[in-house]
Structure formats: C-alpha cells, structure tokens
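J.: Attaching a predicted model along with its sequence, questions to come.
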Amino acid sequence: MPRLIFRTATHSDLPQLLALLAEEGRVKAEDPVTAPASAAVDPARERAFWEITADPRNELLVLAEGRCEGEGGGEGEAQGAPDGEDSERYGAAGDTEPETVLGFLQITYIPGLGRGGAERALLEAVRVRADRRGAGLGRRLIGEAVERARRRGCGLVQLTSDKRRTDAHRFYASLGFARSHDGFKLTLPER
C-alpha cells in the first residue's frame with residue numbers, strides 16, 4: 001500500500017532531486033518525467049548537497065512515496081516524525097520497494113534584526129513531479145514546510161517564483177502567500 005511521508009533528504013535521493021530540478025518547464029501531467037538515472041550528479045552539486053545538509057540553517061524536505069506491508073490505513077496520509085524529530089526513513093518501516101521522491105524543497109532559516117529579531121524561513125527549489133501535480137502534493141509539501149518554520153519560531157515564511165510561472169503564483173496565493181516585494185538578481189561571473 002503506498003504511503004506518503006515527509007523526511008529530510010538523504011544522499012541516495014540526490015539523483016531524484018536533480019531529476020525534479022531538470023523537469024523545469026514541464027507543466028502537464030502527460031509531460032515525460034525525467035528519469036533519475038539521467039540526472040548527472042556532478043561534483044558541484046555533490047558538494048552543494050553535503051554543504052546544505054551539514055548546515056543547521058538549511059533543510060532539504062522530501063515528500064516521498066514508499067510501499068509498506070502490515071500497516072492498516074495510512075494511505076495518502078503524509079506522516080512526519082513525532083515531536084518534530086526527523087529520522088532518515090520515518091514512517092517507512094517495512095518498505096518492500098524503494099521510495100519514490102514525489103516532491104521536495106529547500107528551507108533556509110535566516111536570522112535578522114527586523115521583525116523583533118525573529119528568524120524567517122525562505123523556501124526555494126519547490127518541486128513536485130510533473131505527473132503527480134494537481135493531486136494536492138504541493139499543498140501538503142508547503143504546509144509541512146510552514147509548520148516546520150512555525151515550530152522553529154520563525155516570524156515569516158517567504159519564497160520567490162519566476163515571473164513567468166503564473167500558475168505557481170495562483171497556487172502560492174491560494175496558500176495565503178501575498179505579493180509583497182519585487183526581487184532583483186545579479187548573476188556573478190565564474191571565477
């Protein structure tokens with residue numbers, strides 16, 4: 001029976017995470033899903049993964065689907081670890097098949113002097129598999145990220161989205177996010 005779980009990313013997830021990032025631009029369920037085997041894990045992304053996961057102010061949150069035996073109910077019920085604790089495979093005891101990563105995002109917790117010194121949570125790289133969009137998975141993933149920020153004591157959750165992604169903008173607005181700023185980027189040349 002498929003079971004949805006939230007957990008932090010493990011190194012073995014990296015090809016699936018990169019495959020989700022490669023799906024940028026695929027917006028319909030019938031668009032092909034990028035095979036994790038085709039996602040190149042180059043040294044720069046390998047290094048970035050280890051730096052993110054070693055940093056206590058960063059978290060790679062995964063929504064995965066696994067198959068479990070001997071558990072009643074629970075299908076479609078995304079589970080988090082008790083008391084906000086994460087274990088590598090919480091909720092997936094008794095797996096008979098490898099987990100499939102359905103979505104992920106990166107949360108960066110940023111301290112600041114504004115808002116009474118409260119931390120803010122920045123959500124980036126929000127992705128859900130193209131063939132699973134429209135089933136509420138993105139809503140659950142963002143909801144879990146917001147809850148983690150709340151438990152940590154953050155005063156604000158923020159994200160940015162490419163101006164061309166109008167469907168994503170409507171989605172974020174439906175979750176209570178409000179447009180508040182215009183963002184600017186400066187690409188730095190490689191050294």
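T.: Done, it's in. Numbering: from 1, shown residues only.
J.: Output the longest helix belonging to the chain.
T.: helix 137-152 (DSSP state H).
J.: Against which helices or strands is that helix packed?
T.: Here helix 137-152 touches strand 2-8, strand 58-68, strand 95-110, strand 120-128, strand 156-159, helix 166-174, going by 3 or more C-beta pairs under 8 Å, 6 or more residues apart in numbering; DSSP states H and E. (Glycine included, C-beta is placed from N, CA and C.)
J.: Relative to the longest one, what are the paired strands and their orientations?
T.: This means strand 95-110. Using DSSP bridges, the strands paired with strand 95-110 are strand 58-68 (antiparallel), strand 120-128 (antiparallel).
J.: go on, the fifth one?
T.: Sheet partners assigned to strand 156-159 using DSSP bridges are listed as strand 120-128 (parallel).
J.: hmm, back to that, centre of the chain versus the longest helix of the chain, how much separation?
T.: Remark: helix 137-152 is offset 9 Å from the chain centroid, using C-alpha atoms, centre = their mean, to the nearest Å.
J.: tell me the mean pLDDT for that helix?
T.: Helix 137-152 shows an average pLDDT of 97 in the prediction.
J.: any idea of the angle that helix forms with strand 58-68?
T.: On the basis of axes from the mean of the first three to the mean of the last three C-alpha atoms, to 10 degrees, helix 137-152 is oriented at 130 degrees to strand 58-68.
J.: Using CSV, write out every CA atom in helix 137-152.
T.: In CSV, the C-alpha atoms belonging to helix 137-152 read as follows (Å, rounded to 0.1, in the frame of the first residue of the first chain):
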residue,chain,number,x,y,z
LEU,A,137,1.0,17.2,-3.0
GLY,A,138,2.4,20.7,-3.4
ARG,A,139,-0.1,22.0,-0.9
ARG,A,140,1.0,19.3,1.6
LEU,A,141,4.7,19.9,1.0
ILE,A,142,4.4,23.7,1.5
GLY,A,143,2.1,23.1,4.5
GLU,A,144,4.8,20.9,6.1
ALA,A,145,7.5,23.5,5.5
VAL,A,146,5.3,26.2,7.0
GLU,A,147,4.7,24.0,10.1
ARG,A,148,8.4,23.3,10.5
ALA,A,149,9.1,27.1,10.3
ARG,A,150,6.3,27.7,12.9
ARG,A,151,7.7,25.1,15.3
ARG,A,152,11.2,26.7,14.9
